[in-house]
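J.: fold the following.
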Amino acid sequence: MPNVSLAVEDLKALAMADRYLPGSMVLVLILLLSSVVASYASAGDADPVYRSCVEICEKTGCVEKTCFKYCKVPVNGASVEGAWFMQEPLYLRWKEWDCKSDCRYHCMVKREADRESLGQKPVKYHGKWPFKRVFGFQEPVSVACSVFNLSLQFHGWLSFLILVYYKLPLRPQNRSTYYDFTGLWNIYGILSMNAWFWSAFFHSRDVELTEKLDYSSAVALVGYSLIVAILRTLNVRDEAARVMVAAPLIAFVTTHILYLNFYELDYGLNMKVCVVMGVTQLLLWAIWAGVTSHPARYKVWTVVFGGGLALLLEIYDFPPIWGYVDAHAVWHATTVPLTYLWWSFIKEDAVSRTAKLMTRSKDKTEPKKAQ
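T.: Sure, this is the predicted structure:
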């Protein structure tokens, strides 16, 4: 009988595609129809040959002639756990795999080799495509792209701060920036770097801890991006009004993160939350770019539509080419130019608004001098 459940891995992948790029959710409305779908268990882990291989490996510690040091098989009921001081420290163990993971991986590799010899296509195992490890990294291409995105976020964030604090004029009264969204974009940059940092860790080792850190940082970024979208597109400059907008959203996102970490990591719920916040951002940025005369509005449209097209890679999934590059890895690569373009818009927005605010400041002071 088919197992009807949430398509967990599809929800996870689509949610990850929805979280890093402001205004990149053009096709996210489609995801509303995909939040709850019927799916069968992954064909790979349902394969009796694969399941038998894993069971034997966990008992013997070997897959054919390959044996694993972390598969400790008890002998005559003796304990297999070594003393704590004989175990490797955590900083040396991070790239190692436990017995269950090694058994699953090598049984998957063996089974896929058999399927390829029979002319059969790759299938998913436990919701994931059969990737080849590189130096202990589970999805090396996605890790590399996440690190590249992290470096671009750092470059964009740092160049933005240099621009507003050292290249553009500062207010003579208190040496603060004329651009009144400096603080908001500063926090946005920090949260973006944090999200890509944990994305790299999650794709290198998909375990419970890295998954929760990845999802928590991602939800925090999506929620904060919504706050920035509201404040910037509506040009909210009053501090009290900003607090009134941000406070309920911060409370909601914080509650959602606590729910995911300490109650249940509900992929379906998380997907719905990300979709609602994503759609709201999409509408705000799209409407703003349509009605404003901002000189960089075309960059916003490019990011919106470019990010939307990139989401097609998450909808049109395909197995990893050569065992390394799947649709999600390609999506990670497409976000690189969009990230650069988005920070370019932010910096151009700072220049444009600074010029306008300086002009207004001069217009206010000149009549006083004339008197």
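
J.: which residue ranges form the helices in the stretch 1-150 of the chain?
T.: 8-17, 28-32, 48-60, 90-93, 99-117, 140-162 (DSSP state H, counting those that start in this stretch).

J.: between these, which one is nearest to L258?
T.: helix 8-17 (17.8 Å; Cβ to Cβ). The way it works is simple: take the backbone N, C-alpha and C, and place the C-beta from them, glycine included.

J.: and the closest one, average pLDDT?
T.: For helix 8-17, the mean pLDDT works out to 56.

J.: again, but for stretch 229-237
T.: Mean pLDDT, computed over stretch 229-237, is 94.

J.: can you list contacts of it?
T.: Outside stretch 229-237, the residues within contact range by Cβ atoms under 8 Å, 6 or more residues apart in numbering are 22-23, 180-181, 184, 242, 245-246, 280-281, 284-285, 287-288, 349.

J.: about what we covered before: mean neighbour count, the helices of the stretch 1-150 of the chain: which tops it?
T.: helix 8-17 (a mean of 22; mean count of other Cβ atoms under 10 Å).

J.: list the buried residues for stretch 294-305?
T.: Buried residues in stretch 294-305, counted by 16 or more other Cβ atoms under 10 Å: 294, 296-297, 299-300, 302-304.

J.: likewise stretch 274-288?
T.: Residues of stretch 274-288 classed as buried by neighbour count (16+ other Cβ under 10 Å): 274-275, 277-279, 281-282, 284-286, 288.

J.: how about the helices of the stretch 1-150 of the chain in a markdown table, adding distance to I250?
T.: Formatted as a markdown table, those follow (distance: least, Cβ to Cβ, whole Å):
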| stretch | distance to I250 |
| --- | --- |
| helix 8-17 | 20 |
| helix 28-32 | 22 |
| helix 48-60 | 44 |
| helix 90-93 | 33 |
| helix 99-117 | 37 |
| helix 140-162 | 21 |
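
J.: which one of these lies nearest to D266?
T.: helix 8-17 (9.7 Å).

J.: select the longest helix from the chain.
T.: Using DSSP state H, we find that the single longest helix of the chain is helix 327-370.

J.: so for that helix, what's the average pLDDT?
T.: Average pLDDT, helix 327-370: 80.

J.: so it versus helix 140-162, what angle?
T.: Angle of helix 327-370 versus helix 140-162, following axes from the mean of the first three to the mean of the last three Cα atoms, to 10 degrees, is 0 degrees.

J.: what packs against helix 327-370?
T.: With contacts taken as 3 or more Cβ pairs under 8 Å, 6 or more residues apart in numbering; DSSP states H and E, helix 327-370 sits against helix 8-17, helix 140-162, helix 182-204, helix 297-315.

J.: shaky segments in this structure?
T.: The chain contains residues with pLDDT under 70 at 1-42, 70, 72-97, 311, 313-315, 361-371.

J.: quick revisit: any chance of a markdown table for the helices and strands packed on helix 327-370, columns distance to K69?
T.: Below are the helices and strands packed on helix 327-370 laid out as a markdown table (distance: least, Cβ to Cβ, whole Å):
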| stretch | distance to K69 |
| --- | --- |
| helix 8-17 | 30 |
| helix 140-162 | 23 |
| helix 182-204 | 20 |
| helix 297-315 | 37 |
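
J.: can you tell me which of those helices comes nearest to E64?
T.: Taking the helices and strands packed on helix 327-370 one by one with Cβ to Cβ, helix 140-162 is closest: 24.8 Å.

J.: what residues does that closest one touch?
T.: So helix 140-162 is contacted by 20, 131, 133-134, 137, 185-186, 189-190, 192-193, 196-197, 199-200, 203-204, 324-325, 328-329, 332-333, 335-336, 339-340, 342-344, 346-347, 350 (Cβ under 8 Å, 6+ apart).

J.: among the residues you listed, name the buried ones.
T.: Buried residues within those, counting neighbours by 16+ other Cβ under 10 Å: 20, 131, 133, 137, 185, 189, 192-193, 196-197, 199-200, 203-204, 324-325, 328-329, 332-333, 335, 339, 342-344, 346-347, 350.

J.: circling back: next one: the longest helix of the chain to chain centre, how far?
T.: Here the centre of helix 327-370 is set off from its chain's centre by 24 Å, with Cα atoms, centre = their mean, to the nearest Å.

J.: got it, and stretch 57-72?
T.: On the basis of Cα atoms, centre = their mean, stretch 57-72 sits 34 Å off its chain's mean C-alpha point.

J.: may I have that stretch exported as PDB, CA atoms only?
T.: What follows is stretch 57-72, C-alpha atoms only, in PDB (Å, rounded to 0.1, in the frame of the first residue of the first chain):
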ATOM      1  CA  CYS A  57      26.600  -4.100   7.400                       C
ATOM      2  CA  GLU A  58      25.300  -2.900  10.700                       C
ATOM      3  CA  LYS A  59      25.800  -6.400  12.100                       C
ATOM      4  CA  THR A  60      29.200  -7.200  10.600                       C
ATOM      5  CA  GLY A  61      30.700  -3.700  10.100                       C
ATOM      6  CA  CYS A  62      31.500  -4.400   6.500                       C
ATOM      7  CA  VAL A  63      30.200  -4.100   2.900                       C
ATOM      8  CA  GLU A  64      31.900  -6.900   1.000                       C
ATOM      9  CA  LYS A  65      35.600  -6.200   1.600                       C
ATOM     10  CA  THR A  66      35.200  -2.700   2.900                       C
ATOM     11  CA  CYS A  67      35.000  -2.400   6.700                       C
ATOM     12  CA  PHE A  68      34.400   0.700   8.900                       C
ATOM     13  CA  LYS A  69      36.100   1.500  12.200                       C
ATOM     14  CA  TYR A  70      33.000   3.000  13.700                       C
ATOM     15  CA  CYS A  71      31.000  -0.200  13.300                       C
ATOM     16  CA  LYS A  72      32.000  -1.800  16.600                       C
END
